[in-house]
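# A structural model of the following input is requested.
(4 chains, ligands or ions: 2)
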2 protein chains.
Amino acid sequence: MNLPQKIAGVNKNSIPRLVQYKYVLKKVLASGSDRVYSNELADAIGITAAQVRKDFSLFGIMGNKRGGYSVSDLLGIIQRILGSQPGQDVIIAGMGHLGIALSNYKGFEKEGICIRAGFDIDPVKCGVQGNIPVYPFSECEGYISNRNIKVGILAVPADAAQLVLDVMVRGGVEGVLNFAPVHLMAQRSCVIHDVNLGVELEFLLYFVNALNNRGGKA
Amino acid sequence: MNLPQKIAGVNKNSIPRLVQYKYVLKKVLASGSDRVYSNELADAIGITAAQVRKDFSLFGIMGNKRGGYSVSDLLGIIQRILGSQPGQDVIIAGMGHLGIALSNYKGFEKEGICIRAGFDIDPVKCGVQGNIPVYPFSECEGYISNRNIKVGILAVPADAAQLVLDVMVRGGVEGVLNFAPVHLMAQRSCVIHDVNLGVELEFLLYFVNALNNRGGKA
DNA sequence: CCCTTTTTGTGAAAACTATCACATAAAAAG
DNA sequence: CTTTTTATGTGATAGTTTTCACAAAAAGGG
Ligand SMILES: NC(=O)c1ccc[n+]([C@@H]2O[C@H](COP(=O)([O-])OP(=O)(O)OC[C@H]3O[C@@H](n4cnc5c(N)ncnc54)[C@H](O)[C@@H]3O)[C@@H](O)[C@H]2O)c1
Ligand SMILES: NC(=O)c1ccc[n+]([C@@H]2O[C@H](COP(=O)([O-])OP(=O)(O)OC[C@H]3O[C@@H](n4cnc5c(N)ncnc54)[C@H](O)[C@@H]3O)[C@@H](O)[C@H]2O)c1
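Ligands and ions are numbered 1, 2, ... in the order given. Reported below is the predicted structural model:
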């Protein structure tokens, strides 16, 4: 399984948007206001107001005709949909450059996500890196099963990625955010979400190149 | 402009796949083989063979009935489509954790991408970080225009992102890979591609939570 | 209290994307 | 040379996602 086919008729693209709405709503709430309109949310994340309302409609979220939405209510509902309760524990395998960057990022804890530990085969990386303890990779499976960790971040080189995934899955993770540029296969049921930063950069380059009326070059 | 609406009737989703095909083709070529079938490419990136052939069909790429594709030919064609010639210069604004990780990543140069320099307002970050020179941010605009840099990576805090984008665009960049979790607006024509790692992680968490038959919780 | 304004909620339509299925070509086998 | 096998290329189909457009509800003004 790489991504679940379908969760109850929901448009899959609306999930990342819900997360973005959440970010915006927190900002609006912090700014003191408790009222927000679909067009404001739309502008804040660069989409149309109709799209915002359609997303809400899909999840049965209702506002007030003419009165917009209560920011705090909306935030609560979206957080419930996303399942973002405090204390969502995550571990990182591979405390190289990317693992370090992720472990130091302050933004996750604001969303109730707690990066508990890192694991690495390199003894030099073990000890304490910034915020979190880093253990030898041999302890990874046990840590996951003992602490009932459900989600892991995979930030090891591509060669090691499948092997590391297998260990995590044996430990009991149910979801993995994979940064290694390879397609992985989980033995048991485990959702794998790939983030390939190389692809993202080359995707951008394609558009930049294409708009620069490349075409005479070949 | 956030992403160009349409480039010549091409399915936008096929572009990241082309990049992935390219990665696979390079591996296959390195392994000695010069022949590949649509189902092999499909398996390697976790999609269907029909999808692979449809992507190729869309770009007018043709193989041999029954004989699959010549790996080297295919690679050449895809690289031409993507515009991936050697020496695509990129700069990074914000040499914090993420900027450092990206600047140290070896995978980019294999694709002809060269990260030339970093820029940061923090004098402590300036000098040489790993592979690349890091200059004060005040020099960013001049560097971009003098060296005709077309693409920038934005890895500064969200507060500073719009300001930093404006400087980059004034310098003359035509594309920006934005890691800051905010929606940005370019003054002039500049393609902005957002990568929001928080959203990616929370997207995964949604599926993990949803599959764990959450629902009785509310 | 009624009229105007504004913003929601949502079916219907449009646009986009993926899958199917099969004709077609070429290689291999007989 | 003919038959069989295998994999491509693509029109047709199915599915998904976004946009449109407008009725309906609520707020506010006169
Ligand atoms: N850094 C980037 O900007 C970037 C960009 C694109 C893709 N990626 C991908 O992200 C992943 C991580 O990148 P990085 O730059 O952090 O790499 P890195 O080399 O800096 O770090 C990898 C870490 O994994 C550890 N490791 C290796 N094998 C292991 C194993 N079997 N078990 C546990 N730990 C192991 C290494 O000791 C090292 O600390 C790689 O797959 C890379 O291709 C990174
Ligand atoms: N690190 C992560 O894992 C992670 C995860 C999700 C999102 N992000 C986002 O990516 C961006 C970078 O994250 P990070 O962890 O590298 O942050 P960081 O704080 O480590 O680094 C930010 C860097 O930007 C520099 N900077 C600040 N203002 C600047 C300006 N005006 N001009 C030039 N440089 C400036 C700072 O000096 C610092 O070196 C942030 O927007 C963050 O929200 C990061």
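# apart from its chain neighbours, what residue comes closest to residue A:59?
residue A:81 (5.7 Å; C-beta to C-beta, 6 or more residues apart in numbering or on different chains). In short, each C-beta sits where N, CA and C put it, glycine included.
# tell me how far that neighbour lies from residue B:127.
46 Å (C-beta to C-beta, to the nearest Å).
# who's more crowded, those two?
residue A:81 (21 against 10; other C-beta atoms under 10 Å in any protein chain shown).
# now do the contacts for that one.
A:18, A:59, B:206 (C-beta atoms under 8 Å, 6 or more residues apart in numbering or on different chains).
# could you point out which of the residues you listed is nearest to ligand 1?
residue B:206 (22.5 Å; C-beta to the nearest ligand atom).
# quick one: contacts for residue A:89?
With the criterion set at C-beta under 8 Å, 6+ apart, residue A:89 makes contact with A:114, A:116, A:147, A:149, A:150, A:151.
# at 6 Å instead, please
By C-beta atoms under 6 Å, 6 or more residues apart in numbering or on different chains, the contact set of residue A:89 is A:114, A:116, A:149.
# name the helix or strand for the first one, please.
Taking DSSP states H and E as the definition, residue A:114 sits inside strand A:113-120.
# so does the helix or strand hosting residue A:56 get close to chain B?
Assessed by DSSP H and E, residue A:56 sits inside helix A:49-58. No: using C-beta under 6 Å from any C-beta of the partner chain, helix A:49-58 stays clear of chain B, coming no nearer than 13.1 Å.
# which strands and helices sit next to that helix?
helix A:14-30, helix A:38-45 (3 or more C-beta pairs under 6 Å, 6 or more residues apart in numbering or on different chains; DSSP states H and E).
# give me the domain ranges for chain A.
A:6-81, A:88-199 (automatic domain parsing).
# thought residue B:98 was touching residue A:101, still the case?
Yes: with contact defined as C-beta atoms under 6 Å, residue A:101 reaches residue B:98; the gap is 4.9 Å.
# who's more crowded, the two?
The neighbour count for residue A:101 versus residue B:98, taken as other C-beta under 10 Å, is higher for residue B:98 (26 against 21).
# for the more buried one, which three-state class applies?
helix (DSSP: H, G, I helix; E, B strand; the rest coil).
# look up how far residue B:53 lies from it.
Taking C-beta to C-beta, one finds residue B:98 at 37 Å from residue B:53.
# looks to me like residue A:66 is in a helix.
No: under three-state DSSP, residue A:66 sits outside any helix and is assigned coil.
# does the least confident helix or strand in chain A by mean pLDDT come close to ligand 1?
In chain A, no helix or strand scores lower on mean pLDDT, DSSP states H and E than strand A:127-129, which sits at a mean of 90. No: legend: contact between strand A:127-129 and ligand 1 by C-beta under 6 Å from any ligand atom is lacking; minimum distance shown is 9.7 Å.
# list the strands paired with the very next helix or strand once past that strand, with their directions.
Following strand A:127-129 in sequence order, the next helix or strand is strand A:132-136 (DSSP H and E). Paired with strand A:132-136 in the same sheet, following DSSP bridges, are strand A:113-120 (parallel), strand A:127-129 (antiparallel).
# what's the following helix or strand after strand A:132-136?
Taking DSSP H and E, what comes next after strand A:132-136 is helix A:140-147.
# which elements pack onto that next one?
So helix A:140-147, by 3+ C-beta pairs under 6 Å, 6+ apart, packs with helix A:158-171.
# now the helix it packs on: how far from the chain's centre is it?
Computed by C-alpha atoms, centre = their mean, to the nearest Å, the chain-centroid distance of helix A:158-171 equals 19 Å.
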